[in-house]
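**Student:** Predicted model follows, preceded by the sequence.
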Amino acid sequence: MKILSIQSAVAYGHVGNSAAVFPLQRIGVDVLPVYTVNFSNHTGYGAWRGPLIDPSDVADVITGIEERGAFPDVDAILSGYQGGAGIGDVIIDAVARVKAANPKALYACDPVMGNAKSGCFVAPAIPELLRERVVPVADIITPNQFELGFLTGTDPDTLDSTLASVDAARAMGPSTVLVTSVERPDREEGTIEMLAVDDAGAWIVQTPFLPMKANGSGDVTAALFTAHYVDTGSAKTALERTASSVFDLLQLTLDSGERELRLIEAQESYAHPKLQFAARQVR
C-alpha cells in the first residue's frame, strides 16, 4: 500500500507527518510524506522556529512525485491540519491528479478545527474552506465530535444525534466517517468512544478515558484508520485495530510522564494490535 501524506512536520516531538509516517511504515505502508511546515516543535509550546512552506513549493514537491510516475500506485491521500486556503487548493489539486491516475484511490481528510475544551483554534477561513471545498471531495473524514458539529452546523451529543450529524457530513460527500472523542452523556463513567460509519453500517468502540492531552494522537488515529480501511474495506476492523493501537500508545505515554507521544516505544501496538476493545454495531 502507498499513501501520499500532505501534512506538517516537526523535528522535536510528534505531530502531523512526524506522528503519522512511522506508525504507517510499521504496518507496512509505503509513505510519501510531503511537508507543509518544517517547525522545530508543535505550536502548543507557545514558541517554535522554522518555516511555513509556501503552497507553491508544496505543489512543486507533489509535481516532482508525479513526474516519477508514482501516482498510479497511490492508494490513498491523507491530509491533516490546513494552515491556509493556499494549502487547501494544493491538496484538492493533488487529489484530483492522483484520482485521474488511479480512480480507486481514496482521499482521507482529518478536518482539524479544534476540540470541545479549546473551541475552534484555526483561522476563520479554514472551517469554510473545509465545508465548502475540501470535505466534498473527501472519501473518508476523521473529525472529533466537536469538529463534526462545527462542520455540519449541528450539536451532536447523544448517540442518535451524533449519528444524525454523521449522516449530514456524509451527505456533503465523504462515504466513510470516523468520529473521535465521542462523549455521550449516558456512557459509562471514565470512558470515551469512537464511532465509524460507512455504507455497510455504524460501529462504536469504547475505551477507558485517559486523563491527558496528547498532541499528535489525532494524526496517528487518522493515519492508522485510513490504512486499515484501505487494506480491509471494513469500518469495524479498521476501528478496532485503530482503537487498540492508539489506546496502547496513549497509555504508554501517560505512564512515561512525558509530554510528547512515546511513538517509537509503542511500535508493537501498531504492528500487532491486541484488539482488546470490540466494536458494537449501532446501525
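**Tutor:** Received it, and whenever you're ready, just let me know what you need.
**Student:** for the helix or strand hosting Ile87, what is the average pLDDT?
**Tutor:** Following DSSP states H and E, one finds Ile87 within helix 85-101. Average pLDDT, helix 85-101: 96.
**Student:** Which strands and helices lie in contact with that helix?
**Tutor:** If you count contacts as 3 or more Cβ pairs under 8 Å, 6 or more residues apart in numbering; DSSP states H and E, helix 85-101 packs onto strand 2-10, helix 55-67, strand 76-79, strand 106-109, helix 125-129. All C-beta spots, glycine's among them, are computed from the backbone N, C-alpha and C.
**Student:** Now mean neighbour count, mean pLDDT and distance to Leu261 too, for the ones you listed, in CSV please.
**Tutor:** Output for the helices and strands packed on helix 85-101, formatted as CSV (neighbours: other Cβ atoms under 10 Å; pLDDT from 0 to 100; distance: least, Cβ to Cβ, whole Å):
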stretch, mean neighbour count, mean pLDDT, distance to Leu261
strand 2-10, 23, 97, 11
helix 55-67, 15, 98, 25
strand 76-79, 28, 98, 18
strand 106-109, 26, 98, 20
helix 125-129, 16, 88, 24
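**Student:** need the ones you listed in a markdown table with distance to Ser165, can you?
**Tutor:** Listed next are the helices and strands packed on helix 85-101 as a markdown table, based on distance: least, Cβ to Cβ, whole Å:
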| stretch | distance to Ser165 |
| --- | --- |
| strand 2-10 | 25 |
| helix 55-67 | 31 |
| strand 76-79 | 21 |
| strand 106-109 | 16 |
| helix 125-129 | 15 |
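**Student:** List the contacts of the nearest residue to Ala164 once chain neighbours are set aside.
**Tutor:** Leaving out its chain neighbours, the residue that sits closest to Ala164 by Cβ to Cβ, 6 or more residues apart in numbering is Thr154, at 7.0 Å. For Thr154, the contacting residues are Leu148, Ser161, Ala164, Ser165, Ala168, by Cβ atoms under 8 Å, 6 or more residues apart in numbering.
**Student:** quick check, nearest of these to Gly201?
**Tutor:** Nearest to Gly201 among the contacts of Thr154, counting by Cβ to Cβ, is Ala164 at 15.5 Å.
**Student:** outside of the helix holding Ile87, which residues touch it?
**Tutor:** 4, 6, 36, 54-55, 58-59, 62, 66, 71-72, 74, 77, 79, 82, 105, 107, 125-126, 129-130, 133-134, 137.
**Student:** Pull the distance from it to the chain's centre.
**Tutor:** 17 Å (Cα atoms, centre = their mean, to the nearest Å).
**Student:** Please could you give me each C-alpha atom of it, formatted as CSV?
**Tutor:** What follows is helix 85-101, C-alpha atoms only, in CSV (Å, rounded to 0.1, in the frame of the first residue of the first chain):
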residue,chain,number,x,y,z
ALA,A,85,-6.5,28.3,1.8
GLY,A,86,-3.4,28.0,-0.4
ILE,A,87,-2.5,24.6,1.0
GLY,A,88,-6.2,23.6,0.7
ASP,A,89,-6.0,24.4,-3.0
VAL,A,90,-2.8,22.3,-3.4
ILE,A,91,-4.3,19.3,-1.6
ILE,A,92,-7.6,19.5,-3.7
ASP,A,93,-5.5,19.6,-6.9
ALA,A,94,-3.3,16.7,-5.8
VAL,A,95,-6.4,14.6,-5.0
ALA,A,96,-7.8,15.2,-8.5
ARG,A,97,-4.5,14.3,-10.2
VAL,A,98,-3.9,11.1,-8.1
LYS,A,99,-7.5,10.0,-8.8
ALA,A,100,-7.0,10.7,-12.5
ALA,A,101,-4.1,8.3,-12.4
